[in-house]
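Enquirer: compute the structure for the input listed below.
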Amino acid sequence: MIFSEKPIFILCGHYGVGKTNVSVEFAKQLNEQRDHVMLLDFDIVNPYFRSADNARELTECEIEVILPDYANTNVDLPTLPPQVSRVFETECTAVFDVGGDDSGATALGTYRSRIQNRGYELYIVINACRPYIRETEDALRMIRDIEASSGLKASGIINNTNLGDETDVAIVRDGFSYAERICIASELPLIATTCFAEIAAELTEEELEKHKILEIGDATRKIF
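Expert: Got it, this is the predicted structure:
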């Protein structure tokens, strides 16, 4: 994948769209291209399927992981560690895994001016299999709510249409037209379409190129 030159990548979206998988993959691929990569688990709302569960694997890849104070405990408090400031004080590339729709984006807004000063990309992760954003107008409302709550402007769409282990090539292809509708309505470019390697192998060369296919692992499987 070709990344922009910006030092901060923020991934937001509705509950359950798969932001963690995408965030982990982004961090890994950026780590192959840049010297110091950080992954910040900003999912202070949803305790499930979070980047914290991949901290050991990422650390072994020399990716710095910053977690909420109570990550992977029974305590569910919306707190962020002071280490977040390292994003703005060191020469690094940071990936923010932001959960909770506009609720998570509100926490992100705490750092709005510092994020703007460093430079950022805010990508909206969508999934055609999530009922609450299946309709175009609902997805647009989600995007606008995230922008309003964070004070930051979205710069692209990541299509992460899947049903976990039940995903097949038909589901991924169904997501193509869905993503096209969202991109047109929001006037945002498609950044990537994610899918598992075995699904990507079933797609044509034209589909791989047109829909900007990014092969991705299933980071959430290790939780169970």
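Enquirer: who's in contact with Leu108?
Expert: Ile10, Cys12, Phe42, Phe96, Val98, Ile115, Ser149, Ser150, Leu152 (Cβ atoms under 8 Å, 6 or more residues apart in numbering). All C-beta atoms are positioned from the backbone trio N, CA, C, and that covers glycine.
Enquirer: that one: which element?
Expert: Here Leu108 sits within helix 101-108, counting by DSSP states H and E.
Enquirer: what residues does whatever helix or strand comes next after that helix touch?
Expert: Sequence-wise, the next helix or strand downstream of helix 101-108 (DSSP H and E) is helix 112-118. Helix 112-118 is contacted from outside by Pro7, Ile8, Ile10, Val87, Phe88, Leu108, Ser150, Gly151, Leu152, using Cβ under 8 Å, 6+ apart.
Enquirer: just the C-alpha atoms of helix 112-118, please, in PDB.
Expert: The C-alpha trace of helix 112-118 is given here as PDB (Å, rounded to 0.1, in the frame of the first residue of the first chain):
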ATOM      1  CA  ARG A 112      -7.100  18.300  17.900                       C
ATOM      2  CA  SER A 113      -4.700  21.200  17.600                       C
ATOM      3  CA  ARG A 114      -1.600  19.100  18.200                       C
ATOM      4  CA  ILE A 115      -2.800  16.600  15.600                       C
ATOM      5  CA  GLN A 116      -3.500  19.400  13.100                       C
ATOM      6  CA  ASN A 117       0.000  20.900  13.700                       C
ATOM      7  CA  ARG A 118       1.800  17.600  13.000                       C
END
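Enquirer: tell me where the chain has helices.
Expert: With DSSP state H as the criterion, the chain has helices at 19-31, 55-60, 86-89, 101-108, 112-118, 136-150, 169-186, 197-200, 205-210.
Enquirer: worst average pLDDT in the ones you listed?
Expert: Ranked by mean pLDDT, the helices of the chain bottom out at helix 101-108, with a mean of 75.
Enquirer: next, count neighbours for Asn54.
Expert: Per other Cβ atoms under 10 Å, the neighbour tally for Asn54 reads 26.
Enquirer: sorry, wrong one. I was asking about Cys183.
Expert: Cys183, neighbours per other Cβ under 10 Å, totals 17.
Enquirer: tell me how far it lies from Ile157.
Expert: Applying Cβ to Cβ, to the nearest Å, the value for Cys183 to Ile157 is 5 Å.
Enquirer: and what of Glu135?
Expert: 15 Å.
Enquirer: any idea what Phe9 is bridged to?
Expert: Val95, Glu121 (DSSP bridges).
Enquirer: assess the claim that it and Val98 are in contact.
Expert: No. The pair Phe9 / Val98 is not scored as a contact, 10.7 Å apart, by Cβ atoms under 8 Å.
Enquirer: give the contact list for the closest residue in space to Cys195 that isn't next to it in sequence.
Expert: Leaving aside its sequence neighbours, Cys195 sits nearest to Val172 (Cβ to Cβ, 6 or more residues apart in numbering; 4.9 Å). If you count contacts by Cβ under 8 Å, 6+ apart, Val172 has them with Thr161, Asn162, Thr193, Cys195, Ile199, Leu203.
Enquirer: if we can go back for a sec, scan the contacts of Leu108 and report the most crowded one.
Expert: Cys12 (31 neighbours).
Enquirer: now do the contacts for it.
Expert: Counting by Cβ under 8 Å, 6+ apart, Cys12 has contacts 19, 98, 101, 104-105, 108, 122-125, 146, 150, 154.
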